[in-house]
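K.L.:
just a sequence and a predicted model for now, questions to come.
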Amino acid sequence: MEIIAYFASALIGISLGLIGGGGSILTVPVMVYLFGVNPLLATSYSLFIVGTTSLVGAYQNFRNNLVSIRTALLFGLSSIITVFVIRKFLVPILPTQLFSIGGFQVTLNMMTMVLFALLMLVASFSMIKDKAIIETKSPAYSGHTLRLLIYGVGIGFATGLLGAGGGFLLIPTLVILLGLPMKEAVGTSLMIIAMNSLVGFTGDLGHFQIDWLFLFKVTGIALAGLFFGIFLSKKVDGSKLKRGFGWFVLIMGGFILIKELLH
């Protein structure tokens, strides 16, 4: 099982390198179901792994002038604050037993995985649909500042609570609302995800017992997968892979949802 778990860790990076996203949606299920990590701790580990991998990906894009620093800082302001507040103050006070419906006990661990499964389903539909996002030529930041701040809070909430990057939500927002070219939107999205995830992880310090050796090992494997995925992306049709990966995420999300609700 451990070998399968480490192979799945490589897939996280490979998917990021191949299709520019989606890998973070695998991190928590890999941690919980293959490594046997507690779901809440798994979201913390996910923040570090996703943040580090995204940072490396963002640096690769930055070298090619495909990251809008100003956009990342503007959009990331509200999301970073939201992520930090959730990880530092909300997560530590969440009760283990949330509520009960009749004789059915809803625990924090179960709710975390159910919400994550729902996020996986939303992400999978986005990848399977795979419609081209229409790039606009509207001036950036024109009349959209408040809406961007609200979106930033929403993405920060998802990242903070579930440890997922949310690139499938970020990229359409950056392209449609800010008029960024698609390639620049991907690089900027990685930068925002990196900032959100790593700042969120700092909010966890002191609240969890972190196994640093294990965390660095999995992160290193994911990074190796990232570079291998970037290499493969030059040889393989990314759109077909994205749809195939979407179906895989759909099946996994459905499996997790059923498993948790029937447990």
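P.N.:
Right, received. Where do you want to start? Numbers count the residues shown, from 1 in each chain.
K.L.:
three-state assignment of the closest residue to residue 98 other than its chain neighbours?
P.N.:
Sequence neighbours aside, residue 106 is the residue nearest to residue 98 in space, at 4.8 Å (criterion: CB to CB, 6 or more residues apart in numbering). To be clear about C-beta, it is placed using only N, CA and C from the backbone, and glycine gets the same treatment. Put simply, residue 106 is strand when judged by DSSP: H, G, I helix; E, B strand; the rest coil.
K.L.:
for residue 106, report the pLDDT, please.
P.N.:
pLDDT for residue 106: 87.
K.L.:
may I ask which helix or strand of this structure has the lowest mean pLDDT?
P.N.:
Least confident helix or strand, the chain: helix 167-178 with a mean of 76, by mean pLDDT, DSSP states H and E.
K.L.:
buried ones in that helix, by neighbour count?
P.N.:
Residues of helix 167-178 classed as buried: 167-171, 173-178 (neighbour count, 16 or more other CB atoms under 10 Å).
K.L.:
same deal with stretch 245-258?
P.N.:
245-246, 248-250, 252-253, 256-257.
K.L.:
can you pull the pLDDT of residue 210?
P.N.:
93.
K.L.:
quick one, phi psi at it?
P.N.:
Dihedral pair for residue 210: phi -90, psi 130, per degrees, to the nearest 10.
K.L.:
which of the buried residues of helix 167-178 lies closest to residue 70?
P.N.:
Comparing the buried residues of helix 167-178 against residue 70 with CB to CB places residue 178 closest, at 10.1 Å.
K.L.:
which residues of the chain fall in helices?
P.N.:
2-19, 24-29, 39-63, 69-85, 108-129, 145-162, 167-178, 182-204, 212-233, 238-262 (DSSP state H).
K.L.:
for residue 102, find the nearest of those.
P.N.:
Across the helices of the chain, closest to residue 102 is helix 238-262 (CB to CB), at 14.1 Å.
K.L.:
just say which of the helices of the chain is most tucked in.
P.N.:
With neighbours taken as mean count of other CB atoms under 10 Å, the helices of the chain reach their highest mean count in helix 24-29, at a mean of 27.
K.L.:
let me see the residues that make contact with that helix.
P.N.:
8, 11-12, 15-16, 39, 42-43, 45-46, 49-50, 53-54, 113, 116, 119-120, 123, 162-165, 167, 193, 249, 252, 256 (CB atoms under 8 Å, 6 or more residues apart in numbering).
K.L.:
list the contacts for the residue lying closest to residue 203 once chain neighbours are set aside?
P.N.:
Nearest non-adjacent residue to residue 203, counting by CB to CB, 6+ apart: residue 87, 3.3 Å away. Listed by CB under 8 Å, 6+ apart, the contact partners of residue 87 are 44, 47, 160, 200-201, 203-204, 207.
K.L.:
for residue 87, give its distance to residue 81.
P.N.:
Residue 87 sits 11 Å away from residue 81, going by CB to CB, to the nearest Å.
K.L.:
any shared contact partners between those two?
P.N.:
Common contact partners of residue 87 and residue 81 (CB under 8 Å, 6+ apart): none.
K.L.:
where does the prediction get shaky in the stretch 151-263 of the chain?
P.N.:
Across the stretch 151-263 of the chain, the ranges flagged by pLDDT under 70 are 165, 238-239.
K.L.:
still on that earlier bit, in CSV: the buried residues of stretch 245-258, plus distance to residue 64.
P.N.:
Converted to CSV, the buried residues of stretch 245-258 look like this (distance: CB to CB, whole Å):
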residue, distance to residue 64
245, 24
246, 26
248, 29
249, 28
250, 32
252, 32
253, 33
256, 36
257, 39
